[in-house]
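Visitor: build the 3D model from these lines:
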Amino acid sequence: MSPTILTKYKTYYKENLILAGPIVVSQIGHMATHIADSVIVGQFSETTQLAAVSLVNSLFMMVLVIGLGISYGLTPLIAQASGRKDRDECGKLLSNSLIINAITGLFLYAIVHFGTLTIIDHLGQSPDVVAYAKPYLGYLAISIVPLMIFQTFKQFAEGLGFTMQAMRISIIGNLINIILGIIFVKGMFGIEPMGVKGVGLSTLIDRLLMAIVMGLYVLRSVHFKSYLLKFKFTFMDKIRSKQIIKIGAPVAMQYIFEISAFSGAAVLIGTIGTAQQAAHQIAISLAALTYMVASGIASSATIKTGNYLGEKSFTDLRRSAIASYHVVIVVMCFTAIVFVFASSLLPYFYTDDVKVVEIAAQLLIIAGLFQLFDGTQVVGLGVLRGIGDVNVPTYITFLSYWIIGIPLGYFLGIYLNLGVNGIWYGLTVGLLTASILLFFRFQHRTRLLIHQFTN
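Guide: Numbering: from 1, shown residues only. Okay, here's the model as predicted:
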């Protein structure tokens, strides 16, 4: 990177990194819960139960991202209102978001309880894997309700630039999840070993505590007192609810298209073999961890973009967004190097099964390739979300993952018999497609904003 570019974007690098750091840790917290589940089960149980974790996480993530997407509808609106110095609007938006997210959480619980738990018997998976998966999925289904409450207050605080508390809560929550998970799975202090069901119970307890603590922080902190003058638990109006859903629903669809592609890949891999499915879970959980870093940078880009849009500072908006692209490229190149050179070592954190480790090592090398595409596409989505452009990016994600990625993965992996590697090659091409198209969309929209308000 040339000295001229560093000088031009130095201020934006600094402000984006300061804002993104705690968000990254908090975002990792979501994924770390599922990674911890995989590690605990892999170390204290056996391969069949690890495969059950893979199956459940693949199915549950498709439901979870609907809730996360809806909750993200609040952040750019709060950031834009903050940029306009409209504090009363922030409180009203929080009221609406809390009600919407609570209802969404209950709705998603019903989907899992009455839907996913029924269809899991008909996905062509091993009966032993399904038997272990059901109770684990049941606990995760309940946990989505407190998670949505946590998300409401987290997105509100982050939209205003307060990111540290959610980070601290996520760290402490994950420590609690790990400790309880080990106790429940292994069976300690007089508790009978629960196996994979134990990590489901520990996740539920963790998310209940996180929701309570995050809510108390926002409602009692002096930082938010002036923003909550118009906040009421029972306040909901059509205009603001429509604004939140208008952004949140397409964001949810974007996540659904991407995550469901990986979930669909997991189901395809499950038809190949249990070892391949367990290896996929290891590789995808590590890739998802680095994705959370990129996602945190993208969330920071959403907030800064929303702030600058509210201030009508469009040149700053564009430069800040480009700085986010620079940061994510550097970070994802680093993680790609780690994946490639440590591909034979990282799987041992999950399991000692030599066959699973061998397959996972191959997948991590492929994951190293798509790290860059994964990072740049999520930053593109974050910037466009900040300016309220969510519909076209939704079509882009559908095209990239379900018209290109999954069909190509099926063709390479199943039809051409390249196995799990072929399925991952298809996913990589899907990510590349999304990255390129979203970057072109970002260029078009930000240049259009500058042109409209300078002429």
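
Visitor: before we move on, what SS does M236 have?
Guide: coil (DSSP: H, G, I helix; E, B strand; the rest coil).

Visitor: burial of it, as a residue count?
Guide: The criterion is other CB atoms under 10 Å. On that basis, M236 has 16 neighbouring residues. Every residue, glycine included, has its C-beta placed from N, CA and C.

Visitor: from G67, how far out is it?
Guide: Between M236 and G67 the computed distance is 18 Å (CB to CB, to the nearest Å).

Visitor: now do Y291
Guide: Using CB to CB, Y291 is found at 18 Å from G67.

Visitor: and Y425, by the same measure?
Guide: As judged by CB to CB, Y425 and G67 stand 31 Å apart.

Visitor: so the two - more neighbours on which side?
Guide: Counted by other CB under 10 Å, Y425 and G67 do not tie: G67 has more neighbours, with 23 against 20.

Visitor: the more buried one against N101, yeah?
Guide: Yes - the pair G67 / N101 is scored as a contact, 7.3 Å apart, by CB atoms under 8 Å.

Visitor: pull the contacting residues for P407.
Guide: With contact set as CB atoms under 8 Å, 6 or more residues apart in numbering, P407 has these partners: G426.

Visitor: in the one helix or strand it maps to, what's buried?
Guide: Assigning secondary structure by DSSP states H and E places P407 in helix 406-410. Using 16 or more other CB atoms under 10 Å as the test for burial, helix 406-410 gives I406, L408, G409, Y410.

Visitor: next structured bit after that helix?
Guide: The helix or strand immediately downstream of helix 406-410 is helix 419-454, counting by DSSP H and E.

Visitor: name the helices or strands packed onto that next one?
Guide: For helix 419-454, the elements it packs on are helix 238-270, helix 274-311, helix 314-341, helix 354-386, helix 391-398, helix 406-410, judged by 3 or more CB pairs under 8 Å, 6 or more residues apart in numbering; DSSP states H and E.

Visitor: rerun that using 6 Å as the cut-off
Guide: Using 3 or more CB pairs under 6 Å, 6 or more residues apart in numbering; DSSP states H and E as the contact definition, the elements that helix 419-454 packs against are helix 238-270, helix 314-341, helix 354-386, helix 391-398, helix 406-410.

Visitor: for V112, which of those helices is the nearest?
Guide: Among these, helix 238-270 comes nearest to V112, with 13.4 Å by CB to CB.

Visitor: any idea how far K355 is from the closest residue in space to N421 that isn't next to it in sequence?
Guide: Here the nearest residue to N421 in space, its sequence neighbours aside, is Q362; by CB to CB, 6 or more residues apart in numbering that works out to 6.0 Å. When distances are taken as CB to CB, Q362 and K355 turn out to be 12 Å apart.

Visitor: sec struct for F233, please.
Guide: Three-state assignment for F233 (three-state DSSP): coil.

Visitor: hang on, the earlier thing: export the helices and strands packed on helix 419-454 to TSV and tack on mean pLDDT?
Guide: Supplementary listing: those in TSV, determined by pLDDT from 0 to 100:
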stretch	mean pLDDT
helix 238-270	82
helix 314-341	89
helix 354-386	88
helix 391-398	92
helix 406-410	91
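
Visitor: deepest-packed of the ones you listed, please.
Guide: Mean neighbour counts were taken over those using mean count of other CB atoms under 10 Å, and the top value, a mean of 24, falls to helix 354-386.

Visitor: what's the angle from that helix to helix 314-341?
Guide: Here helix 354-386 runs at 180 degrees with respect to helix 314-341, directions being taken by axes from the mean of the first three to the mean of the last three CA atoms, to 10 degrees.

Visitor: which strands and helices lie in contact with helix 354-386?
Guide: Contact here means 3+ CB pairs under 6 Å, 6+ apart; on that basis helix 354-386 packs against helix 274-311, helix 314-341, helix 419-454.

Visitor: name the helices or strands packed onto the longest one?
Guide: I take that to be helix 274-311. Other helices and strands packing on helix 274-311, by 3+ CB pairs under 6 Å, 6+ apart, are helix 3-44, helix 47-72, helix 74-83, helix 238-270, helix 314-341, helix 354-386.

Visitor: now render these as a markdown table, adding distance to M148.
Guide: Shown next, in a markdown table, are these (distance: least, CB to CB, whole Å):
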| stretch | distance to M148 |
| --- | --- |
| helix 3-44 | 12 |
| helix 47-72 | 5 |
| helix 74-83 | 12 |
| helix 238-270 | 12 |
| helix 314-341 | 27 |
| helix 354-386 | 19 |
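
Visitor: of all those, which lies closest to G173?
Guide: For those, proximity to G173 was assessed by CB to CB; helix 3-44 is nearest, at 6.5 Å.

Visitor: picking up where we left off before, with distance to I144 added, can I get the helices and strands packed on helix 419-454 in JSON lines?
Guide: Formatted as JSON lines, these follow (distance: least, CB to CB, whole Å):
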{"stretch": "helix 238-270", "distance to I144": "13"}
{"stretch": "helix 314-341", "distance to I144": "28"}
{"stretch": "helix 354-386", "distance to I144": "22"}
{"stretch": "helix 391-398", "distance to I144": "22"}
{"stretch": "helix 406-410", "distance to I144": "25"}
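
Visitor: gap between the two ends of stretch 394-402?
Guide: Here the two ends of stretch 394-402 are set 12 Å apart, with distance taken as CA to CA, to the nearest Å.

Visitor: and A261, what does it touch?
Guide: Y401, G405, I406 (CB atoms under 6 Å, 6 or more residues apart in numbering).

Visitor: tell me the centre residue of this structure?
Guide: The structure's the chain has its C-alpha centroid closest to M292; by CA atoms, centre = their mean the separation is 6.1 Å.

Visitor: in this structure that residue contacts S26, no?
Guide: No - with contact defined as CB atoms under 6 Å, M292 does not count as touching S26 (9.0 Å).

Visitor: which residues of the stretch 101-250 of the chain fall in helices?
Guide: Using DSSP state H, counting those that start in this stretch, the helices of the stretch 101-250 of the chain run over 117-119, 127-159, 164-182, 196-220, 238-270.

Visitor: ranking those helices by burial, who's on top?
Guide: Comparing these by mean neighbour count (mean count of other CB under 10 Å), helix 127-159 ranks first with a mean of 23.

Visitor: if you count contacts, what does that helix end up packed against?
Guide: Where contact means 3+ CB pairs under 6 Å, 6+ apart, helix 127-159 is packed against helix 47-72, helix 74-83, helix 87-111, helix 196-220.

Visitor: same thing but 10 Å
Guide: If you count contacts as 3 or more CB pairs under 10 Å, 6 or more residues apart in numbering; DSSP states H and E, helix 127-159 packs onto helix 3-44, helix 47-72, helix 74-83, helix 87-111, helix 117-119, helix 164-182, helix 196-220, helix 274-311.

Visitor: if we can go back for a sec, how far away is the residue nearest to the centre of the chain from Y415?
Guide: On the measure of CB to CB, M292 and Y415 end up 33 Å apart.
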